[in-house]
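Visitor: what's the 3D shape of this:
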Amino acid sequence: MDFTGKVAVVTGGGNGIGRATALGFARGGARVVVVDRDETGGAETVATIQAAGGEAIFTAANVTSSADVAAYVRLAVETYGRIDCFHNNAGIEGRIAPTADYAEDDFDAVMAVNAKGVFLGMRHVLPVMITQGGGAVVNTASVAGLAPSAGMVAYVASKHAVLGMTKVAAAEVGRNNIRVNAVCPGPIATRMTRDIARQVSPNNPDAVEARYSSSIPLGRYGTAEEVANVVLFLCSDLASNVTGTQYVVDGGRLSGAAGVTSNGMR
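Guide: Residues are numbered from 1 along each chain as shown. This is a model prediction of the structure:
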């Protein structure tokens, strides 16, 4: 997967799946714009890329702010001239509670980042890609966009929304040589999954991972790099006829267990 001469923008690039994707783009020759509200994490991603001889810049942004999103898009174009690949990845898990007890403010916060943030990213990046005559977008959804996960009503709703927006955008811009897809991670060994485990079982989060892992045909959590590899494929010319769909990266969990109701997310 050769990204030489291409420009990639990655939101949530300061850690986890976003960082792994940013590093993967850089290894493939892309110039990378790393976006995150975590300035320390974002700077570390850029430093890692630069230490390996790659080219990258970092900008802090709140993906729920249209002005911030417009600013990171403008920075990418002013610095590198275009945006070829966009990993629209920033997301939060929110709190775990039954729907009947879920606080409205918590619901709004998750939807703002996971749904509105994805919408704003496409709203500002797609015009750039239309003008330049092509591009590839990968939105980070989740297996929660395909199956229920008890106690995570906001997260599940937001990831269903991501899949819906992905399909709408793909239908709208396909004739502009722009492909829009989504990746659906299952339980992945990242900060988010560890935080979920701590919410589920504050006194024994390791037991949560063991229980989730037992329901996965591959018998383990995935890695951020394994998700990043799928994102890179979807942004590459190898996926030139793939748009409007989602790729599940969950170790076979959805296909291997009926009635998924646990809380293991990306």
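
Visitor: list the contacts of residue 86.
Guide: 8-9, 121-122, 125, 129, 135-138 (C-beta atoms under 8 Å, 6 or more residues apart in numbering). Every residue, glycine included, has its C-beta placed from N, CA and C.

Visitor: next one: residue 52
Guide: By C-beta under 8 Å, 6+ apart, residue 52 lies in contact with 26-27.

Visitor: and the gap between it and residue 230?
Guide: 22 Å (C-beta to C-beta, to the nearest Å).

Visitor: do residue 143 as well
Guide: 13 Å.

Visitor: neighbour count winner among those two?
Guide: Neighbours per residue (other C-beta atoms under 10 Å) separate residue 143 from residue 230, with residue 143 holding more: 23 against 20.

Visitor: thought residue 176 was touching residue 133?
Guide: Yes. Counting by C-beta atoms under 8 Å, residue 133 is a contact partner of residue 176 at 7.3 Å.

Visitor: checking my notes, residue 138 in a strand, right?
Guide: Yes. With DSSP: H, G, I helix; E, B strand; the rest coil as the criterion, residue 138 is located in a strand.

Visitor: residues contacting it?
Guide: The neighbourhood of residue 138, defined by C-beta under 8 Å, 6+ apart, consists of 85-89, 180-183, 231, 234-235.

Visitor: what does residue 130 give?
Guide: Going by C-beta under 8 Å, 6+ apart, the list of residues near residue 130 reads 173, 176, 178.

Visitor: hang on, the earlier thing: which pair of the contacts of residue 86 spans the longest distance?
Guide: The largest separation in the contacts of residue 86, counting by C-beta to C-beta, is between 8 and 122 at 15.3 Å.

Visitor: identify the residue nearest residue 208 in space, chain neighbours excluded?
Guide: Closest residue to residue 208 apart from its sequence neighbours, by C-beta to C-beta, 6 or more residues apart in numbering: residue 197 at 3.9 Å.

Visitor: isn't that neighbour up against residue 205?
Guide: Yes. Between residue 197 and residue 205 there is a contact at 3.8 Å, judged by C-beta under 8 Å.

Visitor: who's more crowded, these two?
Guide: Neighbour totals were compared for residue 197 and residue 205, and residue 197 leads with 22 against 17 (other C-beta under 10 Å).

Visitor: how about the helices in the protein?
Guide: 16-27, 39-51, 66-80, 104-111, 117-132, 153-173, 191-200, 205-214, 224-235, 253-256 (DSSP state H).

Visitor: quick check, pLDDT for the nearest residue to residue 153 once chain neighbours are set aside.
Guide: Computed as C-beta to C-beta, 6+ apart, the closest residue to residue 153 that is not its neighbour in sequence is residue 99, at 4.5 Å. On the pLDDT scale, residue 99 is placed at 97.
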